[in-house]
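>>> model this:
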Amino acid sequence: CPRDGGACPCRVSSVLNRDVKQFGKKHMFDASEETCWNSDQGTCQWVTLDFPRTVKVSRLHIQFQGGFSSRLCTLEGCRAGEELVKICVLYPEDINAMQISFVEETVLDKLKITFENSTDFFGRIVVYHLGVLGERL
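Residues are numbered from 1 along each chain as shown. Take a look at the predicted model:
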């Protein structure tokens with residue numbers, strides 16, 4: 001997906017105070033260390049990516065803000081017109097550093113990342129960088 005997210009529509013569960021200019025989803029892809037997506041409070045925050053072409057996903061790069069990360073992430077995916085199925089479960093660390101997770105190579109058109117268990121008492125998630133790596137088919 002391009003960094004501006006234009007060719008790869010992205011949806012998120014919520015944005016802090018609905019302030020998309022300051023905390024919107026686009027900030028996960030802008031490669032800036034100064035901006036981020038900040039969810040509102042609540043359990044099970046999520047991000048979905050609808051790829052413009054079928055892809056084979058093999059890795060996930062994610063950078064949280066420590067204290068606002070997820071202890072458990074579920075990845076689900078599907079081909080166009082199908083129902084989401086679980087791909088894998090990840091257990092990120094509660095740190096500020098970029099984390100790289102290898103996933104079983106999966107062919108899909110849509111990816112959903114669910115943040116099941118926030119380290120924040122109110123359930124907020126803060127993501128500075130999200131990258132899905134693999135290949136276009």
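>>> looking at it, residue 130 is touching residue 47, isn't it?
Yes. With contact defined as C-beta atoms under 8 Å, residue 130 and residue 47 form a contacting pair (6.7 Å). In short, each C-beta sits where N, CA and C put it, glycine included.
>>> For residue 39, which residues are in contact?
Contact analysis of residue 39 by C-beta atoms under 8 Å, 6 or more residues apart in numbering lists 12, 13, 14, 15, 16, 45, 115, 123, 124, 125, 126.
>>> ok, now residue 78?
Contact analysis of residue 78 by C-beta under 8 Å, 6+ apart lists 84, 85, 108, 109, 110.
>>> burial measure for residue 38, as a count.
Neighbourhood size, residue 38 [other C-beta atoms under 10 Å]: 22.
>>> distance of it from residue 25?
In this view, residue 38 and residue 25 are 10 Å apart by C-beta to C-beta, to the nearest Å.
>>> returning to what we had before: can you tell me which of the contacts of residue 78 are in strands?
85, 108, 109, 110 (DSSP state E).
>>> thinking again about what came up before, just give me the closest of the contacts of residue 39 to residue 97.
Of all those, residue 97 sits closest to residue 126, with 13.8 Å by C-beta to C-beta.
>>> pretty sure the closest one is touching residue 36, no?
Yes. Judged on C-beta under 8 Å, residue 126 makes contact with residue 36 at a distance of 5.3 Å.
>>> And the top strand by length along the chain, how far out from the chain middle?
If you go by DSSP E, the chain has its longest strand at strand 45-64. Centroid separation for strand 45-64 versus its chain: 6 Å, with C-alpha atoms, centre = their mean, to the nearest Å.
>>> Remind me what it packs against, helices and strands.
strand 10-12, strand 73-78, strand 99-115, strand 126-136 (3 or more C-beta pairs under 8 Å, 6 or more residues apart in numbering; DSSP states H and E).
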